[in-house]
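> Let me see the structure of the following:
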Amino acid sequence: MSQHSTASPSVISVVNDAELKSVHFKVIVIAAFGLIFDGYDFQATAYAAPLIRQEWQLDPRVLGGLISAGFLGLFVGSIGASYLADLIGRKRAFALCTIIYSIFTAAAAFAPGFESFVGLRFLTGIGLGGVIPIATAWVFEMMPSRNRAAITAAVVACFLFGWIVASVAALFIIPDFGWRAFFFLGAVPAILGVFLLFTGPESPIWLLSRGRLAEANRVLQEISPGVKLDQAAVASFPRSRSNWLKLMSSQWLKSTIIFGIMYFMLAVLSAGITQWLPTLLVGRGITLHNTYLYTFVVSAGPMIGSIVMGALLDVIGRRRAFVVFWVCASAFIVAFAFATSPAGVMGLGFGLTFFSIATYTCLDVIVAELFPTELRASAIGWGLGMSRLGGAVGPVLGGYLVSFGISYTGFFLVFAVPPLINIILSPGIAFAKSRPQLLH
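Numbering: from 1, shown residues only. This next block holds a predicted model:
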């Protein structure tokens, strides 16, 4: 995003002032499709876990480690995504990550045992971890300014829609065809990756930053016919660099630490609950079919919640919106811990994810607006990296809770703590009172 601040005025005006055309919709559709399956794959192990645990006779602590392997891969992929996208371009990086997670997801369907499955899920996570940050940069750099924020947010939300797709697929595939067929379906996006390498448009912002003027002009012709940049546009377009060390300077250290903890806590909560929920429900005697039916309803909460919270950020203010959602998240987690009826499991589970995971996605907006242009990408990368670490810790924590014999109710009461920690930390952040204009 910081590259917009260094692009020549002609490039900024061309991209910002363009009308939506077929080239824009091509990027939107490709990125959305990739992110839907990214969300599908993110939840795949959770839905397969009850049968995997039974097939390989896994201890809960071992099962938690299996789930966390994917999150460790996500951490590696997230950290390396910005460098990969700068090195080979947004389009190629997105295609490569899509192909990686597709191939290794399909390979996991043939895993002969626990050890090979763990290795394959780690490799899958590397591809998955790069998809969101690369897709965000690609879409953001291609869209006109009047539509940029809304379209980028909508495309990223497709990751959460992928959770819903995964729950529907699990409902119809796993009970009849087994968990391996469910993973094999994850190979579908590989077709998208190959297609993208040959047909998708590259970001003209990136092309110009690499001095590839002719290619940038070809893309700009699709965006705004008749526009042509000269060599001066390349000379005025210095490449930006991430500045991770400045995040730790005295000016930004407090915000960096607090945001890092917030991302970490939300990921512990999100991964700990969503990755263990199907296994816990089956353990309570609920049939596999009904388990997937319940989790289908629960998985709709994050996407709807993020849309509602995004609107409320301007209506009731940043800090107030987060505090309200985090209080409600803890309350719904506690109530869910005591739910026994199908209606209670679905209704309270929906509220749980609506109020908790929604704040996880909206936190990106706050980070983007509070940090200056030269630090914005690094700050988001920092938060994303901390969230991946939290995502690795959550399932392991859940595995130890189950192995220690803690009750179903006690399990969820433990996960009511992370949002309360974020409430305590929230006064340390100087939340903006209203949404500022995007900086380019």
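
> What number of neighbouring residues does Leu87 come out with?
When neighbours are defined as other C-beta atoms under 10 Å, Leu87 has 11 of them. In this view, the C-beta of every residue, glycine as well, is placed from N, C-alpha and C.

> Name the helix or strand of the protein that has the lowest mean pLDDT.
Every helix and strand of the chain was ranked by mean pLDDT, DSSP states H and E. The lowest is helix 231-235, at a mean of 61.

> name the helices or strands packed onto the helix or strand that that helix is followed by?
Past helix 231-235, further along toward the C-terminus, the next helix or strand under DSSP states H and E is helix 244-247. Counting contacts by 3 or more C-beta pairs under 8 Å, 6 or more residues apart in numbering; DSSP states H and E, helix 244-247 is packed against helix 373-403.

> Beyond the helix it packs on, next helix or strand please.
Where DSSP H and E defines the elements, the next helix or strand beyond helix 373-403 is helix 408-414.

> my read: Met143 touches Lys21, true?
No: when contacts are counted by C-beta atoms under 8 Å, Met143 is not listed as touching Lys21 (11.0 Å).

> For these two, indicate the residue with more neighbours.
More neighbours surround Met143 than the other of Met143 and Lys21, with 23 against 13 (other C-beta under 10 Å).

> contacting residues around that one?
Contacts for Met143 (C-beta atoms under 8 Å, 6 or more residues apart in numbering) come out as Val15, His24, Ile151, Thr152.

> Of those, which belong to helices?
Counting by DSSP state H, these place Val15, His24, Ile151, Thr152 in helices.

> Kindly reformat those residues as a markdown table and extend each row with neighbour count and distance to Ile261.
Shown next, in a markdown table, are the ones in helices among the contacts of Met143 (neighbours: other C-beta atoms under 10 Å; distance: C-beta to C-beta, whole Å):
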| residue | neighbour count | distance to Ile261 |
| --- | --- | --- |
| Val15 | 25 | 36 |
| His24 | 20 | 37 |
| Ile151 | 22 | 31 |
| Thr152 | 22 | 26 |
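
> Pick the one among those closest to Phe94.
Thr152 (14.0 Å; C-beta to C-beta).

> ok, the closest one - contacts?
The contact partners of Thr152, by C-beta under 8 Å, 6+ apart, come to Thr136, Val139, Phe140, Met143.

> Check Gly391 too.
Contacts of Gly391 by C-beta under 8 Å, 6+ apart are Ser68, Phe71, Leu74, Phe75, Ala267, Val268, Ser270, Ala271.

> Check Val76 too.
Neighbouring residues of Val76 by C-beta under 8 Å, 6+ apart: Gly125, Ile126, Gly129.

> re the thing from before, of the contacts of Thr152, buried ones?
Buried residues within those, counting neighbours by 16 or more other C-beta atoms under 10 Å: Thr136, Val139, Phe140, Met143.

> give me phi/psi at Val188?
When read as degrees, to the nearest 10, the backbone of Val188 gives phi -50, psi -40.

> which residue packs closest to it, ignoring adjacent ones?
Nearest residue to Val188 in three dimensions, chain neighbours excluded: Phe37, at 6.6 Å (C-beta to C-beta, 6 or more residues apart in numbering).

> Touching, the one you found and Trp163? I think so.
No: using C-beta under 8 Å, Phe37 makes no contact with Trp163, being 11.3 Å away.

> Turn the contacts of Met143 into JSON lines, columns for distance to Ala107 and pLDDT.
Formatted as JSON lines, the contacts of Met143 follow (distance: C-beta to C-beta, whole Å; pLDDT from 0 to 100):
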{"residue": "Val15", "distance to Ala107": "39", "pLDDT": "77"}
{"residue": "His24", "distance to Ala107": "34", "pLDDT": "91"}
{"residue": "Ile151", "distance to Ala107": "34", "pLDDT": "81"}
{"residue": "Thr152", "distance to Ala107": "32", "pLDDT": "77"}
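
> Just put those residues in TSV and tack on distance to Asn422.
Formatted as TSV, these follow (distance: C-beta to C-beta, whole Å):
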residue	distance to Asn422
Val15	36
His24	36
Ile151	29
Thr152	24
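
> Sort out which residues of the strand or helix carrying Ala49 are buried, please.
When elements are assigned from DSSP H and E, Ala49 belongs to helix 22-56. Neighbour counts over helix 22-56 (16+ other C-beta under 10 Å) mark 23-24, 26-28, 30-53 as buried.

> again with stretch 112-132
Going by neighbour count (16+ other C-beta under 10 Å), the buried part of stretch 112-132 is 114, 117-132.

> where does the stretch 251-400 of the chain have low pLDDT?
For the stretch 251-400 of the chain, the stretches flagged by pLDDT under 70 are 365, 368-369, 373-374, 376-377.

> Helices of the stretch 1-150 of the chain, start to end?
Assigned by DSSP state H, counting those that start in this stretch, the stretch 1-150 of the chain shows helices spanning 9-17, 22-56, 60-88, 90-108, 114-142, 145-177.

> how about the residue nearest to Val188, what does it touch?
Counting by C-beta under 8 Å, 6+ apart, Phe37 touches Thr98, Tyr101, Ser102, Gly162, Val165, Gly186, Val188, Pro189, Leu192.
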